[in-house]
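Undergrad: heads up, no residue letters with this:
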């Protein structure tokens, strides 16, 4: 439903600028989950975006969930998304010069 809404907004509001933020490495996130997130973020073409690594907080349900993701993996996933968003943002800004 969210993807179809974003696609409809893109069609109906050509000047629309979308920004998003993602958490990388939430417990249980698989490599396939992350790859799909990157594919969808690329396809939807967010003009601005951010990403941060999940951080376990004592006393929260997620802190004790199975499938905790290694710090190195979380950082790599975050870096991949940040790079994607930086490229997209630069391309969007460059298209408006002149």
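TA: Nice, I can see it. Since the structure is predicted, the reported quantities are computational estimates derived from the model, not experimental observations.
Undergrad: In contact with the residue nearest to the spatial centre of the chain, which residues?
TA: In the chain, the C-alpha nearest the mean C-alpha coordinate belongs to residue 22, at 4.1 Å (C-alpha atoms, centre = their mean). For residue 22, the contact set (C-beta atoms under 8 Å, 6 or more residues apart in numbering) comprises 37, 41, 49, 50, 51, 52, 81. Bear in mind the C-beta positions are built from the backbone N, C-alpha and C, glycine included.
Undergrad: where do the helices sit along this protein?
TA: Under the criterion DSSP state H, the chain contains helices at 2-12, 31-44, 71-95.
Undergrad: Adding mean pLDDT, write the ones you listed out as JSON lines.
TA: Converted to JSON lines, the helices of the chain look like this (pLDDT from 0 to 100):
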{"stretch": "helix 2-12", "mean pLDDT": "93"}
{"stretch": "helix 31-44", "mean pLDDT": "96"}
{"stretch": "helix 71-95", "mean pLDDT": "95"}
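Undergrad: Can you lay out the ones you listed as a markdown table showing mean neighbour count and distance to residue 61?
TA: What follows is the helices of the chain, written out as a markdown table (neighbours: other C-beta atoms under 10 Å; distance: least, C-beta to C-beta, whole Å):
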| stretch | mean neighbour count | distance to residue 61 |
| --- | --- | --- |
| helix 2-12 | 11 | 24 |
| helix 31-44 | 13 | 19 |
| helix 71-95 | 15 | 18 |
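Undergrad: Of the ones you listed, which is nearest residue 62?
TA: Of all the helices of the chain, helix 71-95 sits nearest to residue 62, with 13.0 Å by C-beta to C-beta.
Undergrad: helices or strands up against that closest one?
TA: strand 19-24, helix 31-44, strand 48-53 (3 or more C-beta pairs under 8 Å, 6 or more residues apart in numbering; DSSP states H and E).
Undergrad: Please tell me how far it is from the chain's geometric centre.
TA: Mean-position distance between helix 71-95 and its chain equals 8 Å (C-alpha atoms, centre = their mean, to the nearest Å).
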